[in-house]
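Engineer: Could you work out the structure for the sequence below:
(chains A, B, C and D)
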2 protein chains.
Amino acid sequence: MSRPPLAREKVLDAFEAILIDDGERAATMDATARAAGVSKGGLLYHFGSKDALEEGVLERLRTLVADDLAEMAASPEGPIAYFLRTSVMQNDPLDRAILSTSRLAQAGRAGAGEALRGVREQWADALRPHAKDETALDLVMLVSDGLYFNNALSGGSIPGPVPQGAAMDALIALVERAAKK
Amino acid sequence: MSRPPLAREKVLDAFEAILIDDGERAATMDATARAAGVSKGGLLYHFGSKDALEEGVLERLRTLVADDLAEMAASPEGPIAYFLRTSVMQNDPLDRAILSTSRLAQAGRAGAGEALRGVREQWADALRPHAKDETALDLVMLVSDGLYFNNALSGGSIPGPVPQGAAMDALIALVERAAKK
DNA sequence: GTCTATATACAGATAGAC
DNA sequence: GTCTATCTGTATATAGAC
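Structural biologist: Residues are numbered from 1 along each chain as shown, chains lettered A, B, ... in the order given. Take a look at the predicted model:
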C-alpha cells in the first residue's frame, strides 16, 4: 500500500473539477491535462486511456466511502443524523468523488452507475439497524439522494435549494422522529 | 396555437430517448436523426442547431409541467400524495422530459439547470399550502428529488432501488404523517 | 517521466441538389 | 421538406524525441 505519485492525484483532482463544474463532455483528456498542468502525453503516462482515468475516480470513491462508513459508525450524534448532515455538499473529497461519479453515470458509463449503486447499498446496510423498518430506511435514503441530486444540479459550487443551518437541523429532527428506531 | 408537425415531435422523442438511455454525449444530431428516421439535413430543417434541439426539450417540459400542476391541484388523494406517487418513473412524457432535461443540466447546459429549478419551484409553491411548515415541505421535495435521482441513475428503463407498490404506499403514508398539515 | 507531432474518427454546421 | 456532400473543429490515442 504505497502512496500514489503526486502527479496522478493532481490529474484526478483536475478531472473531477471539470466533471463537476462543466460536465462530462467538457472533461476531455486535453482539458484535464491543461488544468492539471501537464501535457497530454504526461497524462497518458499515468492513465493510459480515458477509461483508466474514469476508473481512477471510481477507485478513489471506494476508498473514501470506506473511510466514511467507519466515521459514521463512530459518530456521537448517531449514524442517521451523521448520514443526513454529510449528505449536503461540503465540497470535501468524498462529495467531489460522488458528484464526479454521478456525472459519469449520467453520461452512460456503466461502471460508474454500478459503483454508485454499490455505495448506496453499503450506506443502507449500515443504517438499517438504526431504522424503524424498511419504509423508514427508504425515507432516510431518499432524503439523502435528494440532497445530493440538488447539489449535482447546482454544480457543486452554487448553493442549490437545499436546507442549511437551522433548516437542516429541523429537517434532521423531523426525519429522525419519523424514522429512528 | 397550431399542432406542431409530426416529424418535429418524432425528432424530439428520439433525442429524449438517446439522452435517457445513453447520456448527453451519445445524443448527437447524427444519432438523433438516425433514430428518428430522418437525415441530418432533415433534422436541421426542423431544428437549426443543437441549441434549438435542446430548447425544444425545455419547451416540451414547460408545457407538460403546466398540465401536471393542474392535475395535481385536482387530485382526489391530495397534492402531496399525488406528487410523491408521480415522482416514481412511469415513463410517461413528463418523466421523460424531466430526465432528458436533467441529463442536459448535468452536462453543464445552463438553460436546462434553470428550467429544472423553475419547475421545482412551481411544485413547491403548489405544495406549500398543504405542508405543516417549511421543514415539512423540504422533506416532501427532497423525497421526490431522491426518487427522480434514482430513476436518473438507472437510465429510465431498469428499475432502480426505489420503493414500489406496497412499499411506496407505506412511504407516502409515512411522509404524509410527518409533513401534512 | 514528460514532451511534441500526428493519425484517425466523429462532432456540429453549411451548401446546394431534388 | 428532405436529401447528399462537404467543411471545420476537436476528441482519443499512438509514435517517438528528449
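Engineer: A:M89 and A:D95 touch, don't they?
Structural biologist: Yes. Contact criterion CB atoms under 8 Å: A:M89 and A:D95 qualify, at 5.3 Å. (Glycine included, C-beta is placed from N, CA and C.)
Engineer: Comparing the two, which residue is more hemmed in?
Structural biologist: Using other CB atoms under 10 Å in any protein chain shown as the criterion, A:M89 and A:D95 rank with A:M89 on top: 24 against 19.
Engineer: Find the closest residue to DNA strand D in chain A.
Structural biologist: Nearest residue of chain A to DNA strand D (CB to the nearest atom of the strand) works out as A:T28 at 3.2 Å.
Engineer: so what's A:R60 closest to, chain neighbours aside?
Structural biologist: Spatial nearest neighbour of A:R60, excluding adjacent residues (CB to CB, 6 or more residues apart in numbering or on different chains): A:A97 at 5.2 Å.
Engineer: To which secondary structure element is that neighbour assigned?
Structural biologist: Here A:A97 sits within helix A:93-106, counting by DSSP states H and E.
Engineer: so, in contact with DNA strand D or not, the helix or strand just after that helix?
Structural biologist: Note on helix A:93-106: by DSSP H and E, the next helix or strand toward the C-terminus is helix A:110-127. No. Judged by CB under 7 Å from any atom of the strand, helix A:110-127 and DNA strand D are separated, with a smallest distance of 14.2 Å.
Engineer: Is there proximity between the next helix or strand after helix A:110-127 and chain B?
Structural biologist: Next in sequence after helix A:110-127, counting helices and strands by DSSP H and E, comes helix A:134-154. Yes. Part of helix A:134-154 sits near chain B under the criterion CB under 8 Å from any CB of the partner chain, namely A:134-136, A:138-139, A:141-150, A:152-154.
Engineer: could you give the angle of helix A:134-154 to helix B:134-154?
Structural biologist: 80 degrees (axes from the mean of the first three to the mean of the last three CA atoms, to 10 degrees).
Engineer: Which strands or helices does helix A:134-154 pack on?
Structural biologist: helix A:79-85, helix A:93-106, helix A:110-127, helix A:166-179, helix B:93-106, helix B:110-127, helix B:134-154, helix B:166-179 (3 or more CB pairs under 8 Å, 6 or more residues apart in numbering or on different chains; DSSP states H and E).
Engineer: What residues of the shortest one count as buried?
Structural biologist: Right, the one you point to is helix A:79-85. A:79-85 (16 or more other CB atoms under 10 Å in any protein chain shown).
Engineer: Repeat that for the third one.
Structural biologist: Neighbour counts over helix A:110-127 (16+ other CB under 10 Å) mark A:112-113, A:115-117, A:119-120, A:123-124, A:126-127 as buried.
Engineer: which residues make contact with it from outside it?
Structural biologist: A:54-55, A:57-58, A:61-62, A:65, A:69, A:72-73, A:79-80, A:83, A:98, A:101-102, A:104-105, A:137, A:140-141, A:144-145, B:153-155, B:160-161 (CB atoms under 8 Å, 6 or more residues apart in numbering or on different chains).
Engineer: If anything else comes up later, I'll come back, but that's it for now.
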